[in-house]
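Q: fold the following, please.
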Amino acid sequence: MEKIQFVDPDSGEVVDFAVEEETQLNGIKYLLVSDGNETGDSEAYILKEIKTEDEEVLYEMVEDDVEFSAIAKVFAELSDEETELLY
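A: Residues are numbered from 1 along each chain as shown. Below is the predicted model:
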């Protein structure tokens, strides 16, 4: 399972996430990531790929409710039967 590091823009804290799924919608790449806890429930987040002017790839949390719901539905369809996504 691929791991990525995310830097919280507010606190500067570095958090390791496990990439569970990825998809692309309207030319934008999205990642479904979790805290990597493989035993039981885990927190999951949706990250959106953002490219800077110098072509650096960054990810930010999806905060828009409409965008989040649409992408969560896509990830729910892609997830296996044992995974339940609440959104």
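Q: quick one: the helices in the protein, in order.
A: Using DSSP state H, the helices of the chain run over residues 65-78.
Q: return the distance of the lowest-mean-pLDDT helix or strand in the chain from the chain's centre.
A: When each helix and strand of the chain is scored by mean pLDDT, DSSP states H and E, strand 3-7 comes last, with a mean of 83. Strand 3-7 sits 10 Å away from the centroid of its parent chain (CA atoms, centre = their mean, to the nearest Å).
Q: listing partners with orientation, what would you give for that strand?
A: Using DSSP bridges, strand 3-7 pairs in its sheet with strand 14-25 (antiparallel).
Q: in the strand it pairs with, what counts as buried?
A: Of all the residues in strand 14-25, those buried under the rule 16 or more other CB atoms under 10 Å are 17-18, 20-21. The C-beta positions use only the backbone N, C-alpha and C, and glycine is treated the same way.
Q: got a list of what Lys3 touches?
A: Counting by CB atoms under 8 Å, 6 or more residues apart in numbering, Lys3 makes contact with 16-19, 36.
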